[in-house]
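Colleague: Everything below, folded, please.
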Amino acid sequence: MKKAIITGPTGAVGISLINELIANDYFVTAICRPNSKRIHNIPAHKNIEILECDQANLLDLSDVLLHDYNYFYHFSWDGTYGLARQDVDIQMQNINCTLDAVKLAKKLNCTAFIGAGSQSEFGHVDGVLNPNMPCKPDNGYGIAKLAAGQLSRILSSQLGIRHEWCRIVSLYGPFDGDHTLIMSTILNLLQNKIQKLTKGDQIWDYIYSKDAAYAFRLVAEKGKDGSIYCFGTGKTKRLSEFVSILKDTIDPSINLKFGTMDYYPNQVMHLEADIQNLVEDTGFEACYSFEEGIAETIAWVKDNRI
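Modeller: Got it, this is the predicted structure:
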């Protein structure tokens, strides 16, 4: 039985990855923040172990964990929204904690360290996001993610651990935050609230959380050392099409208010993941259409958020 350790496991990607790994005969250790309000998101299973530890104290776990592990997934990150994205102290701590995670992975005899990057590492880009294109992040969060990815790759190489860095472009699914376009639209439409929308001409690439989890498993098992992978489906639609499919799944009679909201200044109009190296290295192919993924997400929201 393979063993994996996951930090930051209680969000949309973390929960989906736990389920993906358990379904493929893994033992999973989930490291959660002390007193996490989302720890109950983690399913109960004989092959899931939950430990509470602040990410600043990760190295303390080397005396607690008795297993040898195969793969280390590092998802934990503070200051992902609002003003905290520009908080230098918080973002510097995130970089240091990422390096601590690599050191812990070494102590646990992991063969691979898989980090969660971000599209924010690229900066303001309109078009297809290629893993090898120059990055010019324009906020503290993106700068810190880029630095964490590069420095953890160097440290992993020095410690003899395979390193892969994965940048999710646009994700949706159960357990996602209420602030995202997809989740906020679902919540508003289910509660008969008005959802203000732009014209929705942006070209977008959405990946379902279960497909992202599948990609994370494949990267751990088949990824190439030192690689950066962008996560998406490789298939795009206009945002208005995504939102219209969402609306029709809830109630086709709803009248969407496209054009009631202006585009943001410097609005990105095309965001798409180049997944060529992900496909070539791991054989990844998205399993869920947007119609299938959004139906599952809406059903989950009805059961858990409304």
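
Colleague: mind listing what's buried in stretch 248-261?
Modeller: 249, 250, 256, 258 (16 or more other C-beta atoms under 10 Å). All C-beta spots, glycine's among them, are computed from the backbone N, C-alpha and C.

Colleague: Stretch 20-33: end-to-end distance?
Modeller: Start-to-end span of stretch 20-33 (C-alpha to C-alpha, to the nearest Å) is 22 Å.

Colleague: So for it, what gets flagged as buried?
Modeller: Those would be 20, 21, 22, 26, 27, 28, 29, 30, 31, 32, 33, for stretch 20-33 by 16+ other C-beta under 10 Å.

Colleague: how many other residues sit next to residue 241?
Modeller: Using other C-beta atoms under 10 Å, the number of residues around residue 241 comes to 14.

Colleague: one step back: tell me which of the buried residues of stretch 20-33 is nearest to residue 130?
Modeller: Of all these, residue 20 has the smallest distance to residue 130: 25.9 Å, by C-beta to C-beta.

Colleague: Going by secondary structure, the closest one is in what exactly?
Modeller: helix 12-23 (DSSP states H and E).

Colleague: that older thread, in helices, which of the buried residues of stretch 20-33 appear?
Modeller: Here DSSP state H is the test, and the buried residues of stretch 20-33 give 20, 21, 22 as lying in helices.

Colleague: Closest one to residue 200 out of those residues, please.
Modeller: Taking C-beta to C-beta as the measure, residue 200 lies nearest residue 20 of these, at 31.2 Å.

Colleague: Quick check: buried residues in the helix or strand hosting residue 145?
Modeller: According to DSSP H and E, residue 145 maps onto helix 140-159. Neighbour-count burial for helix 140-159, counted by 16+ other C-beta under 10 Å, picks out 140-149, 152-153, 155-156.

Colleague: could you dump these to CSV with pLDDT and distance to residue 287?
Modeller: Converted to CSV, the buried residues of helix 140-159 look like this (pLDDT from 0 to 100; distance: C-beta to C-beta, whole Å):
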residue, pLDDT, distance to residue 287
140, 98, 35
141, 98, 30
142, 98, 29
143, 98, 34
144, 98, 32
145, 98, 27
146, 98, 30
147, 98, 33
148, 98, 29
149, 98, 27
152, 98, 29
153, 98, 29
155, 98, 34
156, 98, 29
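
Colleague: which one of these sits closest to residue 266?
Modeller: The closest of the buried residues of helix 140-159 to residue 266 turns out to be residue 142 (C-beta to C-beta; 14.5 Å).

Colleague: Skip the chain neighbours and tell me the closest residue to that closest one.
Modeller: Spatial nearest neighbour of residue 142, excluding adjacent residues (C-beta to C-beta, 6 or more residues apart in numbering): residue 120 at 3.3 Å.

Colleague: count of residues packed around residue 225?
Modeller: Look at residue 225: counted by other C-beta under 10 Å, it has 12 neighbours.

Colleague: separation between it and residue 155?
Modeller: Residue 225 is 13 Å from residue 155, where distance means C-beta to C-beta, to the nearest Å.

Colleague: now swap in residue 286 and tell me
Modeller: Taken as C-beta to C-beta, the span from residue 286 to residue 155 is 32 Å.

Colleague: Could you do residue 75 as well?
Modeller: Shown here: residue 75 relative to residue 155, a distance of 18 Å by C-beta to C-beta.

Colleague: Could you do residue 21 as well?
Modeller: Distance from residue 21 to residue 155, counting by C-beta to C-beta: 24 Å.

Colleague: Centroid-wise, who is the farthest residue in this protein?
Modeller: Going by C-alpha atoms, centre = their mean, the residue of the chain most distant from its centre is residue 253, 32.7 Å out.

Colleague: SS state for that residue?
Modeller: coil (DSSP: H, G, I helix; E, B strand; the rest coil).

Colleague: Might you report the residue contacts of residue 56?
Modeller: With contact set as C-beta atoms under 8 Å, 6 or more residues apart in numbering, residue 56 has these partners: 93, 97, 100.
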